[in-house]
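Chemist: Structure, please.
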Amino acid sequence: MFSLRNTPLAFFVAQILALPERQTYNQKNCCAILQERLSEKVLVRGTYNLTTAIEPYWSAQAQEQRPACVALPSTAAEVSTVVQILSSGFENGLEYCEFAIRSGGHTPAQSINNIDDGVTIDLSNLNVVKLSRDGTTVAVGPGNRWEDVYTPLDPMNLTVVGGRSRTVGVGGLLLSGGMSFFSPRYGMPCDNVINYEVVLSDGSIVNANMSSHPDLYKALKGGSNNLGVVTRFDLRAISQAPFWGGVAFYNTSSLPTLISHFSAFAHDDGYDPYSQLTLLYGMYLNTTVVMTHQHYTRSETPKETVFGDFSPLQTQNTFRVDTLKNFTIELESKPDGGTIRKAFATATYTNNLEMLQSFSNLAVATMSSVRSVPGLQFIVSMQPFGQFITSRAAATGGNFLGLDIEDGERVLVGLTLSWDYEADDETLDQALRSLIAEAGAQAAELGAEDDFVFMNYAAPWQDVYAGVGERNREEFRKVSRVYDPLQIFQRGVPGGFKL
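Modeler: Take a look at the predicted model:
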């Protein structure tokens, strides 16, 4: 493979178009060419029922999309073939050459992990989980769910810094940033990737790490689908025995006090790096719920000083010492065959108690305004996001996410909605937009605003890359221009958060 870094653009164009049987391109579309090259690993619409031939998506919106075909490569070399054909076909104006990339299919919005009248590259067959000989890294394919990763590692008292729900896909979480039970000790999951094996737009397969393509390595931490197709993540292996944790439940009247305790817990000073807490509240089928997810990544019950303020308010809990896999089962986003409509949105604020209480009031009012929507579940989550997490990025070369130390303590707010019918899509979308806008205005008044947009929870209308700051956004774009000079992943992959 030639080097992109020193290759003239004209030569790059010639290489990317120099595929076998190019002379037949004017009679064929990308799905036909892919099927010729990969035969049964390409499922073409009309020949297969694509809604049943592959695993369902997490949301009805993604499930409803109708790709012209689905490619199911099993190796990096086959991914390379797929990307070369799609890149060349797109540049030649063939039909069905725009594409989407699917790992676990957990992002709810349309056109991120599926596509209409294009090609969905389904990475489910790239599902290796392999510990290195020296025991320091674990090679993980993007087609895995986190349960697949933790199942072989738990018995060895090893793990990786990964997701907290068993059904979430590896690729989407790692390329968006992610959050883990172990983030207070080791940072965001993306900052624990030691090496990426990635297919670039010309079909080149490269390894990106701190010494090889370090600019690409840094940009892939939060780079989403903008730079290439990652075919393997080499993740840092960490020692981890079963640990303490579970879910606690509370009366609704306790919420203001819980938010106050949460804000105190989330301070950088004195934060116990073995502790991880999420406060959740909302409504499910007209029933209000308030709970915390509390985990302490040691094999003993934490001291009263860690979570003690929350204990007197609990009505029940599931606390115990257990395996990571079992905790991810407890917190799983249960699959429903892609029949339920879902949406995410997010906001980031400084750890300002008045702002967190204000957001709660606005959120509860929003829930009340839409509570008649059939099947509605409307959950708010709040998570500490202080320097005890973000400062750990430097150990693996940093990232371009704009999480600067001078910005202080942050709180991530996530909104997760589900409902029954398409007729209510617009109502709930507007409710989310209004809530984020009103809360943003309140944050500005209180001096509690923060531009960061956590991609894993973001709505499609939120500008994730504006939140990293213009200097960092330009760094992402610079890397994109070096490794994707024809901008295939900006133009030919239309879904997702673009640079």
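
Chemist: When you work out contacts or count neighbours from here on, use the C-alpha atoms and nothing else.
Modeler: Noted.

Chemist: contacting residues for T252?
Modeler: T252 makes contacts with T288, V289, V290, as judged by CA atoms under 8 Å, 6 or more residues apart in numbering.

Chemist: out of these, which is most surrounded?
Modeler: Scoring the contacts of T252 on neighbours with other CA atoms under 10 Å, the highest-scoring entry is V290 at 22 neighbours.

Chemist: okay, that one: pLDDT?
Modeler: In this model, V290 is scored at 98, pLDDT.

Chemist: Show me what it is bridged to.
Modeler: Counting by DSSP bridges, V290 is bridged to Y281.

Chemist: Over to the one 4 residues further on?
Modeler: On DSSP bridges, the residues paired with Q294 through beta bridges are G246, L277.

Chemist: Okay, it and F249: tell me how far apart.
Modeler: Using CA to CA, to the nearest Å, Q294 is found at 11 Å from F249.

Chemist: what about those two, which has more around it?
Modeler: The neighbour count for Q294 versus F249, taken as other CA under 10 Å, is higher for Q294 (22 against 18).

Chemist: Who are the contact partners of that one?
Modeler: G245, G246, V247, A248, S275, Q276, L277, T278, F307.

Chemist: which stretches of the protein have low pLDDT?
Modeler: 1-27 (pLDDT under 70).

Chemist: which helix is the longest one in it?
Modeler: If each helix of the chain is counted by residues according to DSSP state H, the longest one is helix 425-446.

Chemist: which helices and strands does that one pack with?
Modeler: Contacts defined by 3 or more CA pairs under 8 Å, 6 or more residues apart in numbering; DSSP states H and E place helix 425-446 against strand 341-350, helix 353-370.

Chemist: Take the ones you listed and write them to a markdown table, including mean neighbour count and distance to G495.
Modeler: Shown next, in a markdown table, are those (neighbours: other CA atoms under 10 Å; distance: least, CA to CA, whole Å):
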| stretch | mean neighbour count | distance to G495 |
| --- | --- | --- |
| strand 341-350 | 23 | 16 |
| helix 353-370 | 18 | 28 |
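
Chemist: so which of those comes closest to N157?
Modeler: strand 341-350 (33.6 Å; CA to CA).

Chemist: Give me the residue at the spatial middle of the chain.
Modeler: L173 (3.1 Å; CA atoms, centre = their mean).

Chemist: so that one touches N456, yeah?
Modeler: Yes: between L173 and N456 there is a contact at 6.6 Å, judged by CA atoms under 8 Å.

Chemist: Break down the stretch 51-200 of the chain into its strands, ranges please.
Modeler: Taking DSSP state E, counting those that start in this stretch as the criterion, the stretch 51-200 of the chain contains strands spanning 69-71, 99-102, 119-122, 129-131, 137-140, 158-159, 193-199.

Chemist: can I get the ones you listed in JSON lines with mean neighbour count?
Modeler: Listed next are those as JSON lines, based on neighbours: other CA atoms under 10 Å:
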{"stretch": "strand 69-71", "mean neighbour count": "27"}
{"stretch": "strand 99-102", "mean neighbour count": "27"}
{"stretch": "strand 119-122", "mean neighbour count": "26"}
{"stretch": "strand 129-131", "mean neighbour count": "19"}
{"stretch": "strand 137-140", "mean neighbour count": "24"}
{"stretch": "strand 158-159", "mean neighbour count": "22"}
{"stretch": "strand 193-199", "mean neighbour count": "23"}
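
Chemist: Where neighbours are concerned, which of the contacts of Q294 has the most?
Modeler: G245 (29 neighbours).

Chemist: Could you tell me how many residues sit around the closest residue to that residue other than its chain neighbours?
Modeler: Distances taken as CA to CA, 6 or more residues apart in numbering put H295 closest to G245, at 4.0 Å, once the chain neighbours are dropped. The tally of other residues near H295 (other CA under 10 Å) stands at 25.

Chemist: got the contact list for H295?
Modeler: H295 neighbours (CA under 8 Å, 6+ apart): F181, F243, W244, G245, G246, S275, Q276, L277.

Chemist: please redo it, this time with the cut-off set to 6 Å
Modeler: Going by CA atoms under 6 Å, 6 or more residues apart in numbering, H295 touches W244, G245, S275, Q276.

Chemist: Most widely separated two among those residues?
Modeler: Greatest spatial distance in these: W244 and Q276, 10.7 Å, computed using CA to CA.

Chemist: Output the longest helix of the chain in PDB with nothing but the alpha carbons.
Modeler: Coordinates of each C-alpha in helix 425-446 appear next as PDB, following Å, rounded to 0.1, in the frame of the first residue of the first chain:
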ATOM      1  CA  ASP A 425     -41.800  11.700  16.800                       C
ATOM      2  CA  GLU A 426     -42.100  15.400  16.200                       C
ATOM      3  CA  THR A 427     -43.700  16.200  19.500                       C
ATOM      4  CA  LEU A 428     -40.900  14.500  21.400                       C
ATOM      5  CA  ASP A 429     -38.200  15.900  19.200                       C
ATOM      6  CA  GLN A 430     -39.500  19.400  19.900                       C
ATOM      7  CA  ALA A 431     -39.800  18.700  23.600                       C
ATOM      8  CA  LEU A 432     -36.100  17.700  23.700                       C
ATOM      9  CA  ARG A 433     -35.000  20.700  21.700                       C
ATOM     10  CA  SER A 434     -36.900  23.100  23.900                       C
ATOM     11  CA  LEU A 435     -35.600  21.500  27.100                       C
ATOM     12  CA  ILE A 436     -32.000  21.700  26.000                       C
ATOM     13  CA  ALA A 437     -32.500  25.300  24.800                       C
ATOM     14  CA  GLU A 438     -34.200  26.500  28.000                       C
ATOM     15  CA  ALA A 439     -31.600  24.800  30.200                       C
ATOM     16  CA  GLY A 440     -28.800  26.300  28.100                       C
ATOM     17  CA  ALA A 441     -30.200  29.800  28.700                       C
ATOM     18  CA  GLN A 442     -30.500  29.100  32.400                       C
ATOM     19  CA  ALA A 443     -26.900  27.800  32.500                       C
ATOM     20  CA  ALA A 444     -25.700  30.900  30.800                       C
ATOM     21  CA  GLU A 445     -27.400  33.100  33.400                       C
ATOM     22  CA  LEU A 446     -25.800  31.000  36.200                       C
END
